[in-house]
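Trainee: Just to be clear, the model below is a prediction. Sequence and coordinates:
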Amino acid sequence: MTAYPELALLIDGEWRRPARRIPVLNPADQSVLGMLPCAGPDDIADAIAAAERGFAKWRRVAPGERAKIILRAAQLIRERADEIAYVSTLEQGKPLAQSKLEVLRACSILEWDANEALRLYGRVIPGEQGMRHIVLREPIGIVAGFSPWNYPVSSPSRKIAGALASGCAIILKASEETPAGSMQLAQALIDAGLPPGVFNLLYGTPSEISEALIPHPSIRLVHFTGSVPVGKHLAALAGQHMKPAIMELGGHGPVIVCADADPVATALASVAIKTRNAGQVCVAPTRWIVHDSIYDSFVETAAKRAAELRMGSGIDGDTDVGPLANPRRVEAIAALVEDARSKGAAIAAGGNRPEGDGFFYPITVLADMPSDCRVLHEEPFGPLLLIQRFSDLDEAIAMANSLPFGLAAYAFTDSASNADRLMDGLECGNLSINHFVASLAETPFGGVKDSGYGREGGVEGLQSYTVVKNVSFKMRVA
Ligand code: NAD
């Protein structure tokens, strides 16, 4: 069995353990896994100074050499995948198989960005005789990254991969509730030969760190993944200091299930996807908007399957659904379900918090929901399937677009005409038709409306880590 690591900050290539500590809990049984050292003002200042030195060196390392280090780190992470996944399940809760997939996903992100950064080309624009306009694409500078607790390995990897591949340095504040994942990524990068100071890792009081980093003149890009309210706060701070930002915030994923879809297969796939991270996913499908003609069959199948799922510690091999990551989510989900129940929604499966230790809440299927249920308007970020009905596709698209969120949307149909109307009409950053995969290393991912702006992943994501400099070069004409 793998031991939970001794937690630390990483500053200038050295692990550092300040005296102020906070506990990290195992969400499956509430035991203390470790004590997390917290950065004070001196640690934050040291991280900035280290990143300044690191960036000055790293930006001059040839892209091919940068790629070699990142690819070597990805290989080490692949070799350590079982160990990293085990630790991730301990601190975050999701079943081991899901943690392993997350670790492999982090590798594919590092690999794709490392390779694609070899193609961050500029261009030459011809001018009058003797004049060349040269468009250079340069690394933007030091990135302040903020990653949340739901994906302790793959969410940090998005920020780290984009920054390092494009020649930037990064100071990452990962989640204080799931700190080990970023440490393991950092260790692999150190072992692969990353120079000190290029990647620095901080934990502590989130507001103290973001308020020190974002206004600092050496920080040139803010990349945050988390809730809409915190995202708006940090985006305002970034704007005040003229810093560009990538904001990956919340969602309320609609799933439009058209009359021509298979209600049984779609319901089974829907329950299965809800077990992923117990629904604590920004792109989680949340509101199923199902055609009248297949609604009853869809609800019945989803409820039956949800009731069969085994809930337990993610370490146990036969667990389908792990605990929620923290007590805040259990309280929030229980309150949303009680509100829906009190307003007359049907609880087709789940709906009751189990007794005992651990932050558990079952996959819960809610149907026949009055429109004033809070959960139809607020992001639940948990194990809830909300099922509504529609009779006309325009009505379904209007229901999907009615919230201020616009991250991921899903639809099930075999009709090309329906698919075309959905592609055209849905307000979202990512639309998946007939499946539930919202993003890959090579595809751009991000939101519209309150779900944020900027993209991570794909060429678009990598370009966010660069700035364009135009050089007009006039030569003496012979
Ligand atoms: P929260 O709003 O308190 O925190 C969200 C994240 O922001 C956490 O990782 C936290 O450490 C960080 N944070 C908070 N204040 C900060 C500050 N001033 N500076 C820098 N970072 C700060 O909510 P929570 O209870 O941790 O999570 C619940 C909500 O967060 C969910 O409802 C969901 O909307 C959102 N969330 C979204 C994602 C995502 O992938 N987009 C991931 C995790 C949580």
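Mentor: Noted; the coordinates are in hand.

Trainee: ok, and what's touching the helix or strand encompassing D424?
Mentor: With elements taken from DSSP states H and E, the one containing D424 is helix 416-425. By Cβ atoms under 8 Å, 6 or more residues apart in numbering, the residues outside helix 416-425 that reach it are I256, C258, D260, L393, D394, I397, N401, A409, A411, T413, L431, I433. All C-beta spots, glycine's among them, are computed from the backbone N, C-alpha and C.

Trainee: again, 6 Å this time
Mentor: Applying Cβ atoms under 6 Å, 6 or more residues apart in numbering, the contact partners of helix 416-425 are C258, L393, I397, A411, T413, I433.

Trainee: gap between that helix and the chain center?
Mentor: Mean-position distance between helix 416-425 and its chain equals 27 Å (Cα atoms, centre = their mean, to the nearest Å).

Trainee: Stretch 356-363 too?
Mentor: In terms of Cα atoms, centre = their mean, the centre of stretch 356-363 is found 23 Å from the chain centre.

Trainee: How about stretch 375-383?
Mentor: On Cα atoms, centre = their mean, the centre of stretch 375-383 falls 17 Å from that of its chain.

Trainee: export the lengthiest helix in the chain as PDB, just CAs?
Mentor: For the chain, the helix with the greatest residue count under DSSP state H is helix 96-116. Output in PDB follows, covering the C-alpha atoms of helix 96-116 (Å, rounded to 0.1, in the frame of the first residue of the first chain):
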ATOM      1  CA  LEU A  96      -9.300   4.100  -8.000                       C
ATOM      2  CA  ALA A  97     -10.100   3.300 -11.600                       C
ATOM      3  CA  GLN A  98     -11.200   6.900 -12.100                       C
ATOM      4  CA  SER A  99      -8.100   8.300 -10.400                       C
ATOM      5  CA  LYS A 100      -6.000   6.200 -12.700                       C
ATOM      6  CA  LEU A 101      -7.800   7.500 -15.800                       C
ATOM      7  CA  GLU A 102      -7.200  11.000 -14.400                       C
ATOM      8  CA  VAL A 103      -3.500  10.400 -14.000                       C
ATOM      9  CA  LEU A 104      -3.300   9.100 -17.600                       C
ATOM     10  CA  ARG A 105      -5.300  12.100 -18.800                       C
ATOM     11  CA  ALA A 106      -2.700  14.400 -17.100                       C
ATOM     12  CA  CYS A 107       0.000  12.600 -19.100                       C
ATOM     13  CA  SER A 108      -1.800  13.000 -22.400                       C
ATOM     14  CA  ILE A 109      -2.200  16.700 -21.600                       C
ATOM     15  CA  LEU A 110       1.500  17.100 -20.900                       C
ATOM     16  CA  GLU A 111       2.500  15.100 -24.000                       C
ATOM     17  CA  TRP A 112       0.200  17.000 -26.300                       C
ATOM     18  CA  ASP A 113       1.200  20.400 -25.100                       C
ATOM     19  CA  ALA A 114       4.900  19.500 -25.200                       C
ATOM     20  CA  ASN A 115       4.600  18.300 -28.800                       C
ATOM     21  CA  GLU A 116       2.300  21.100 -30.000                       C
END
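
Trainee: Let me have the contacts of helix 416-425 in a markdown table, adding distance to the ligand, pLDDT and secondary structure as columns.
Mentor: Formatted as a markdown table, these follow (distance: Cβ to the nearest ligand atom, whole Å; pLDDT from 0 to 100; DSSP: H, G, I helix; E, B strand; the rest coil):
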| residue | distance to the ligand | pLDDT | secondary structure |
| --- | --- | --- | --- |
| C258 | 28 | 98 | coil |
| L393 | 29 | 98 | helix |
| I397 | 24 | 98 | helix |
| A411 | 22 | 98 | strand |
| T413 | 27 | 98 | coil |
| I433 | 22 | 98 | strand |
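
Trainee: among those, which ones are buried?
Mentor: Neighbour counting with 16 or more other Cβ atoms under 10 Å marks C258, L393, I397, A411, T413 as buried within the contacts of helix 416-425.

Trainee: what about stretch 103-110, near the ligand?
Mentor: No. Applying Cβ under 6 Å from any ligand atom, one finds stretch 103-110 separated from the ligand by no less than 13.7 Å.

Trainee: Just the mean pLDDT for that stretch, thanks.
Mentor: Mean pLDDT, stretch 103-110: 98.

Trainee: returning to that earlier point: and the next helix or strand past the longest helix of the chain?
Mentor: Going down the chain from helix 96-116, the next helix or strand is strand 123-126, by DSSP H and E.

Trainee: ok, that following strand: who's next to it in the sheet?
Mentor: strand 131-139 (antiparallel) (DSSP bridges).
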